[in-house]
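Engineer: sequence isn't available, so here's the structure alone:
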């Protein structure tokens, strides 16, 4: 079991060359605006989006709702880049279930 704060700190880690360290993440999707979600997604190799320098150009231009409008919960949404599928996911920290195969507790 890992604390949410420890998981969030580990997401920011870099190796000795300054490259973001990949991690695995399991989370649940949810979109209150569209009233959809409930899909459980597991990313085997992902990094925090803001640490990534070599993301596909089209994805870099795309902004999330959290980035477009400052909101009170904007810090609760993390932009995660899946290295295998080469796409971004907007993940609410309270919907993260496992980090590096360890269950997340608050």
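Structural biologist: Structure received. Worth saying up front: this structure is predicted, and the values here are computed from it rather than measured.

Engineer: in the protein, which spans are strands?
Structural biologist: The residue ranges that make up the strands of the chain, judged by DSSP state E, are 2-3, 23-31, 36-48, 77-82, 87-92, 96-99, 102-105.

Engineer: from these, which stretch is densest packed?
Structural biologist: Comparing the strands of the chain by mean neighbour count (mean count of other C-beta atoms under 10 Å), strand 77-82 ranks first with a mean of 20. C-beta: built from backbone N, CA, C; applies to glycine.

Engineer: relative to residue 15, which of the strands of the chain is closest?
Structural biologist: In this view, these are compared for proximity to residue 15 by C-beta to C-beta, and strand 36-48 is the closest at 11.2 Å.

Engineer: neighbouring contacts of the closest one?
Structural biologist: Judged by C-beta atoms under 8 Å, 6 or more residues apart in numbering, the contacts made with strand 36-48 from elsewhere in the structure are 11-12, 20-31, 78-84, 89, 97-98.

Engineer: now distance to residue 16 and mean pLDDT too, for the strands of the chain, in TSV please.
Structural biologist: Converted to TSV, the strands of the chain look like this (distance: least, C-beta to C-beta, whole Å; pLDDT from 0 to 100):
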stretch	distance to residue 16	mean pLDDT
strand 2-3	23	96
strand 23-31	17	94
strand 36-48	16	93
strand 77-82	21	94
strand 87-92	26	93
strand 96-99	22	97
strand 102-105	24	96
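
Engineer: no more questions from me, cheers.
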